[in-house]
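Participant: dropping a prediction and its sequence here:
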Amino acid sequence: MSDFSSPTLYRHRDFAFFLSGRFLGTVTMQVQSVAIGWQIYEMERTPLALGLVGLCQFLPMFLLTLPAGEITDRLNQRLVFAAALMLQGVCGALFLGLSLAHVNDAIAFYAVLVLFGAARGFSGPAGNSLLAFLVPPERLARSIALNSSVFMIAVIAGPALGGVLYALGPDATYSVCMAGFVASGACMVTLGGRKRADAMQSDASRLARVAEGIRFVRQRPVVFGAISLDLFAVLLGGATALLPVFARDILHVGPIGLGLLRSAPATGAAVMAFALARKPLERGTGKKMFAAVAVFGVATIVFGLSHNFLLSLGALFVLGASDMISVFVRHALVNFATPDEMRGRVGAVNVLFIGASNELGEFESGLTAALFGTVPAVVIGGLGTLAVVAAWMKLFPPLRTVDRLRDVSPDHQR
């Protein structure tokens, strides 16, 4: 049963507040990511230490995301999302405390990152399930593209701001992080929007309800193929965790250069997201998604081999633009294919796959860089992405043949 007190009518202010809160929270996360990456690499001077940053966040996300999706389907997603953002603000305060105390032990920072990962385990399913309740169905595809555009602007602005703030000192950086997460959570508390329809009464246990969400995704090849393609492509091809190594030891551009490198993929993604908002993909969606992921792999290889700062920025720009197409298609397929009563659980599966590709991918990048060297690790990852594209085109023909996004529905069994 839903206990929402929000009005049943859509309000323009709800979508605006949602975008504002997501923008602020994303900027803050990117600022914090730049600070953590640079600070830990300064302490440890090894790529594996950067990989552990991702692993510390992934493990609690892995354990909590699916239960969080079930909780999101039973409770008010707005309050779950707001509480998770507030907990992230607490983590910002803890990082500030470590900085003020001049702690020079990476273990303490890893411990806070575990708590931060737990908060993200709840914020992902709650945040991803909200959009469909804030806009009418006929505006959903365009709203997804607009949400992606705003998200990517935040990912552009966040690292650049993080680089500038960290040049002023970690104290200023973590103070901004603490305030940003709290303000973002405050925005989510105010959201109204459409009520969730009362779900059918069920005697199923929480574990059974979680399993129902996993089964829903697994039985729909289009959805499962899209999110698993993103998982393995980014898991292998993601080079973001190694950017501090490139900035410091290969390109020699310092923390401000690191901020620009981290902003470059998001700049490309934002340009593509705005293009998709103006003109969403109409035909041949599946084939275009596979082509985009292949371009992502090629751009990763070019970045890994580059020793020129401008060429590296260009490769990261193309990487982000191609990844945005995959993100848009995946997000749209999940939203169109999922019934209201399962959005939290299906969103949790989606978030878990994204977390695995990003945070676990950071650990994979750090580990392979420690074993083979930074440049070989990135090149091998790009080649792995191309191999995944070829394999998935054979394993998931229904995804390859998707034409229009709106043809996918909750009963879609292709």
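Facilitator: It's in.
Participant: show me what contacts M178?
Facilitator: G89, G92, A93, L96 (CB atoms under 8 Å, 6 or more residues apart in numbering). (Glycine included, C-beta is placed from N, CA and C.)
Participant: ranking by neighbours, what's the top pick from these?
Facilitator: Among the contacts of M178, G92 has the most neighbours (other CB atoms under 10 Å), with 27 neighbours.
Participant: name the element that one belongs to?
Facilitator: According to DSSP states H and E, G92 maps onto helix 77-100.
Participant: just checking, what packs against that helix?
Facilitator: helix 12-44, helix 47-74, helix 106-134, helix 170-189 (3 or more CB pairs under 8 Å, 6 or more residues apart in numbering; DSSP states H and E).
Participant: and the angle for it with helix 12-44?
Facilitator: For helix 77-100 against helix 12-44, the angle by axes from the mean of the first three to the mean of the last three CA atoms, to 10 degrees is 30 degrees.
Participant: what's the burial count for the nearest residue to I71 once chain neighbours are set aside?
Facilitator: Distances taken as CB to CB, 6 or more residues apart in numbering place V80 nearest to I71, at 6.5 Å, with adjacent residues excluded. Using other CB under 10 Å, V80 has 23 neighbouring residues.
Participant: check contacts around V80.
Facilitator: A68, I71, T72, F122, A126.
Participant: recalculate using a threshold of 7 Å.
Facilitator: I71, T72, F122, A126 (CB atoms under 7 Å, 6 or more residues apart in numbering).
Participant: ok, V271 next?
Facilitator: A321.
Participant: that one and G320, how far apart?
Facilitator: As judged by CB to CB, to the nearest Å, V271 and G320 stand 8 Å apart.
Participant: secondary structure class for V346?
Facilitator: helix (DSSP: H, G, I helix; E, B strand; the rest coil).
Participant: wait, it sits on R215?
Facilitator: No - with contact defined as CB atoms under 7 Å, V346 does not count as touching R215 (10.4 Å).
Participant: more neighbours: the two, which one.
Facilitator: The residue with more neighbours, out of V346 and R215, is V346; 28 against 13, by other CB under 10 Å.
Participant: and that one, what's its pLDDT?
Facilitator: We have a pLDDT of 75 for V346.
Participant: next, the nearest residue to it once chain neighbours are set aside: phi, psi?
Facilitator: Using CB to CB, 6+ apart and skipping the chain neighbours, the partner closest in space to V346 is T338 (4.5 Å). Main-chain torsions, T338, degrees, to the nearest 10: phi -110, psi 130.
Participant: ok, T338 to A84 distance?
Facilitator: Counting by CB to CB, the gap from T338 to A84 is 21 Å.
Participant: what does M272 give?
Facilitator: With distances taken as CB to CB, M272 is found 28 Å from A84.
Participant: how deep is the residue nearest to V346 tucked in, by neighbour count?
Facilitator: 26.
Participant: also V189?
Facilitator: Considering only other CB under 10 Å, V189 is surrounded by 16 other residues.
Participant: is it in contact with A82, as I believe?
Facilitator: Yes - V189 lies in contact with A82 (CB under 7 Å); the separation is 4.8 Å.
Participant: quick one: low-confidence parts of this structure?
Facilitator: The model of the chain has pLDDT under 70 over residues 1-10, 193-207, 209-210, 237-238, 344, 354-360, 405-414.
Participant: please redo it, this time with the cut-off set to 50
Facilitator: 1-8, 199-201, 413-414 (pLDDT under 50).
Participant: quick one, what contacts V329?
Facilitator: Counting by CB under 7 Å, 6+ apart, V329 makes contact with A226, L281, T285, M289.
Participant: helix or strand for it, which one?
Facilitator: helix 309-337.
Participant: and that helix, how far from the chain's centre?
Facilitator: Mean-position distance between helix 309-337 and its chain equals 11 Å (CA atoms, centre = their mean, to the nearest Å).
Participant: now the angle from that helix to helix 106-134?
Facilitator: 50 degrees.
Participant: mind listing what's buried along helix 309-337?
Facilitator: Neighbour counts over helix 309-337 (16 or more other CB atoms under 10 Å) mark 309, 312-337 as buried.
Participant: try stretch 94-112
Facilitator: The neighbour-count check on stretch 94-112 (16+ other CB under 10 Å) flags L94, F95, L96, L98, S99, A106, F109, Y110, V112 as buried.
Participant: tell me how far the last one lies from V103.
Facilitator: Computed as CB to CB, the V112 to V103 distance reads 10 Å.
Participant: before we move on, what about the third one?
Facilitator: Distance of L96 to V103, computed by CB to CB: 11 Å.
Participant: what sits closest to Q39 if chain neighbours are left out?
Facilitator: Q39 sits nearest to P170 (CB to CB, 6+ apart), 6.1 Å away.
Participant: who touches the one you found in this structure?
Facilitator: Counted by CB under 7 Å, 6+ apart, P170 has contacts A35, Q39, S99.
Participant: does the first one really touch Y166, like I thought?
Facilitator: Yes - under the criterion of CB under 7 Å, A35 lies in contact with Y166, with a separation of 5.1 Å.
Participant: common neighbours of the two, please.
Facilitator: What both A35 and Y166 touch, as defined by CB under 7 Å, 6+ apart, is the set T173.
Participant: look up phi and psi at N104.
Facilitator: Torsion angles at N104 (phi, psi; degrees, to the nearest 10) stand at phi -120, psi 30.
Participant: my read is that it contacts E42, right?
Facilitator: No - N104 lies out of contact with E42 (CB under 7 Å); the separation is 9.2 Å.
Participant: give the contact list for the closest residue to I36 other than its chain neighbours.
Facilitator: Using CB to CB, 6+ apart and skipping residues adjacent in sequence, the residue nearest I36 is V53, 6.1 Å away. Residues in contact with V53 (CB under 7 Å, 6+ apart) are I36, G37, I40, L113, E362.
Participant: got it, and G162?
Facilitator: G162 neighbours (CB under 7 Å, 6+ apart): Q30, V31, V34, A35, T173, G259.
Participant: where along the stretch 151-300 of the chain do the helices fall?
Facilitator: 170-189, 206-218, 221-237, 243-245, 254-278, 285-305 (DSSP state H, counting those that start in this stretch).
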